[in-house]
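J.: Build me a model:
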Amino acid sequence: LRRDVRQRIQQRVAQAFGISPSALYLTKPTFFSRINSTEAKTTHDEYWHPHVDKVTYGSFDYTSLLYLSDYAEDFGGGRFVFMDTDSNKTVEPQAGRVSFFTSGSENLHRVEKVRWGTRYAITISFTCNPDHSIGDPVLA
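T.: So this is what the prediction gives:
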């Protein structure tokens, strides 16, 4: 299922940006996130700070998020915010919704602090550099 979802997202990213799906490679970290209102234990847990994925992770060229819970139903806060010069653009997570974007400085973003409940998502990232590629994770 995970491989199928990754392949479907990879196809959509490639289509949206006019590149061949074979030119996109899964890269790390690809991760499941569970965010709630508990205090951050390390600076890496402080997801609400503006950041650029290419700077934070290095290998990311395209970032995708698959939301697994619903804004305002399962959690409060936790919206995804693109930080634009003229005005911010906000994505309200909805279970099954996929958002994706280029990972460079053109997409500075943050996540609002979760005030209540739990926000679940999977981040699946892609690179155009085969040297940074990874295989699909497997359960052991």
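
J.: longest strand of the protein?
T.: As assigned by DSSP state E, the longest strand anywhere in the chain is strand 25-35.

J.: Which of the residues in it are classified as buried?
T.: 25-27, 30, 35 (16 or more other CB atoms under 10 Å). In this view, the C-beta of every residue, glycine as well, is placed from N, C-alpha and C.

J.: Which strands or helices does it pack on?
T.: With contacts taken as 3 or more CB pairs under 8 Å, 6 or more residues apart in numbering; DSSP states H and E, strand 25-35 sits against strand 119-127.

J.: mind listing what the strand it packs on pairs with, with the direction of each?
T.: Strand 119-127 has its sheet partners listed here by DSSP bridges as strand 25-35 (antiparallel), strand 62-67 (antiparallel).

J.: Just give me how far the last one sits from the chain centre.
T.: For strand 62-67, the separation from the chain centroid amounts to 4 Å (computed by CA atoms, centre = their mean, to the nearest Å).

J.: do the longest one as well
T.: Put simply, strand 25-35 sits 7 Å off its chain's centre (CA atoms, centre = their mean).

J.: One more: stretch 118-126?
T.: Chain-centre distance of stretch 118-126: 5 Å, with CA atoms, centre = their mean.

J.: low-scoring stretches of this protein, by residue?
T.: For the chain, the stretches with pLDDT under 70 are 139-140.

J.: coming back round to it: identify whichever of the strands paired with strand 119-127 lies nearest to Trp116.
T.: Closest to Trp116 of the strands paired with strand 119-127 is strand 25-35 (CB to CB; 11.5 Å).

J.: residues making contact with the helix ranked longest in the chain?
T.: Counting residues, the longest helix found in the chain (DSSP state H) is helix 2-17. The contact list for helix 2-17 (CB atoms under 8 Å, 6 or more residues apart in numbering) reads 20-21, 23-24, 26, 62, 64, 66, 98, 100, 102, 124, 126, 136-137.
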